[in-house]
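I would like to see how this sequence folds:
(one chain, ligands or ions: 1)
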Amino acid sequence: MSKYIIKQSAPLHGEVEISGAKNATLPILAATVLTDGVCEIHDTPHLSDVEVMCEILRAVGATVTEDYERHVITVDGSTVDKSVVPYDLVKKERASFFIMGPLLARMGKVNIALPGGCAIGERPVDLHTKGIRMLGARVVTSDGEVNANADKLKGALVYLDFPSVGATENIMMAATLAEGETTIENAAEEPEIVDLANFLNSMGAQIKGAGTDTIRITGVDKLHGTRYAVIPDRIETATFMIAAATTRGNILIKNCIPDHVRPIIAKLIECGVDISDEPEGLRVRGDKNHLKATNIKTLPYPGFPTDAQAPIMTLLTTVDGQSRINETLFENRLMHANELNRMGANIRVDGRTAIVPGNQRPLEGASVMATDLRAGAALVIAGLVATGTTEVTNIYHIERGYEDFVRKLKNLGADIEKVD
Ligand code: UD1
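Numbers count the residues shown, from 1 in each chain. A predicted model of the protein is given here:
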């Protein structure tokens, strides 16, 4: 089994280029089945999650070409002819459920396995199914599967009880081909929703309001192929910002959209990190000031992202004073605290709150396990400042979401190797 071996490293220094956003690429790929045209998606990151989504597209009959050297994925939707997505694909990746809405709109029916829970929480899909039911689909959930059909979806008012990212995306995609107007209220406002809406609009969809809590979609008869480039990954951006701060380094982050990481910028500035917007990107300096504690509460966008919660926990173990982290989105997303404790962090977890005592720099190198994607990134950052050697196992989680993580860190001076 592959693992990362990390040795205590010098402060990160240099430049890093951010890849295309995983969480924008996945729904955009799912949306390609809405057309029988050809979609050329640029800036797609080479990640195992993206490969799985391509497998799913092939499973429903699409013709997919993955060119990771150019970061271009081409999907020809003219050959889509199946409406069944089996469990062995869904279980590989929860985001496969994003194909439910588009496939239903395209084929008039869909049969897809329920994704089930995962390490960070139960993660139900009730809001996704509620949404397509409101659009007139008959939906039966039984035997671990969702069966839905509708000759023609009909526009409706869909109020989401919670601004779920995935549910907003699924409903928005399905509604593009529905008859009449759909309004999604209490919609998620994440930048990836805006990117998906821009992609759909470039296919001829009529979507307004993405990025606010009310999205209006006027259904059209047909969507056409398109050429589109996905946005840079804001969580990868956040991860490198936090890594620079934790190692007290000085790095320039290129190809990022500073507006998408405002909550990270705000919190890092509260800690004393120096951040400046330069013409070529974001300059992040942890070497200028003495860093201090802050409190974090994860919230839907534009609040502090749950996906950056694990990495910032590592930073907070190294600053002056006690911090409190409150995870409000997922019920079991503090497992990395235990792993950090194995490195001497002394974090106390009570329910969804973690009390991070700080002043634990240097942590001590240990053998630790990535419990999920972002927890893995947190442990890698911890390894960079810990004394001695840190071994991070279960790195397949990390490779689901960070393109070229080892190479990018090494370019910044990190002492990290992947061993098989
Ligand atoms: C997406 C992101 C993930 C991120 C999360 C929150 C992708 C591929 N993944 O996941 O990286 O951590 O947003 O920003 O884009 N919920 C329900 N019922 C539903 C759907 C969700 O109760 O039908 C709950 C979930 O259990 C969770 C909360 O809503 O507690 C947020 O989930 P959601 O916004 O849907 O996240 P995902 O789309 O799964």
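
my read: residue 63 touches residue 75, true?
Yes - under the criterion of C-beta atoms under 8 Å, residue 63 makes contact with residue 75 at 7.3 Å. All C-beta spots, glycine's among them, are computed from the backbone N, C-alpha and C.

look up the closest residue to the residue of the chain most remote from its centre, ignoring the ones flanking it.
Note on the chain: the largest C-alpha distance from the chain mean falls to residue 151, namely 32.7 Å (C-alpha atoms, centre = their mean). Once flanking residues are discounted, residue 151 sits nearest to residue 108: 5.7 Å by C-beta to C-beta, 6 or more residues apart in numbering.

so which bits of stretch 403-415 are buried?
Across stretch 403-415, burial judged by 16 or more other C-beta atoms under 10 Å covers 403-406, 408-409, 411-414.

apologies, that question was intended for stretch 338-352.
Those buried within stretch 338-352 under the rule 16+ other C-beta under 10 Å are 339-345, 347, 349, 352.

would you map the helices across the stretch 1-150 of the chain?
Ranges of helices within the stretch 1-150 of the chain are 22-31, 48-59, 87-90, 100-107, 126-134, based on DSSP state H, counting those that start in this stretch.

restrict the buried residues of stretch 403-415 to those near the ligand?
Here nothing survives when the buried residues of stretch 403-415 are matched to the ligand using C-beta under 6 Å from any ligand atom.

nearest to residue 160 among those?
Of all these, residue 403 has the smallest distance to residue 160: 30.8 Å, by C-beta to C-beta.

surely the closest one and residue 44 touch.
No - contact criterion C-beta under 8 Å: residue 403 and residue 44 do not qualify, at 9.6 Å.

the residue nearest to residue 151 reaches residue 138, doesn't it?
No - in this structure, residue 108 is not within contact of residue 138 by C-beta under 8 Å, at 11.0 Å.

what is in contact with the two at once?
149-150 (C-beta atoms under 8 Å, 6 or more residues apart in numbering).

give me the more crowded residue out of the two.
For residue 108 versus residue 138, the count of surrounding residues by other C-beta atoms under 10 Å is larger for residue 108: 15 against 11.

distance of the more buried one from residue 150?
Between residue 108 and residue 150 the distance, using C-beta to C-beta, to the nearest Å, works out to 6 Å.

again, but for residue 361
57 Å.

and for residue 47?
Residue 47 is 33 Å from residue 150, where distance means C-beta to C-beta.

the two: which is more packed in?
Using other C-beta under 10 Å, the more surrounded residue of residue 47 and residue 150 is residue 47, with 23 against 20.

so where do the helices sit in the stretch 151-300 of the chain?
In the stretch 151-300 of the chain, the segments counted as helices under DSSP H, counting those that start in this stretch are 165-175, 191-202, 234-246, 262-271.

for the closest residue to residue 131 other than its chain neighbours, what are its contacts?
Spatial nearest neighbour of residue 131, chain neighbours left out: residue 171 (3.6 Å); criterion: C-beta to C-beta, 6+ apart. Contacts for residue 171 (C-beta under 8 Å, 6+ apart) come out as 101, 128, 131-132, 134-135, 158, 182, 184.
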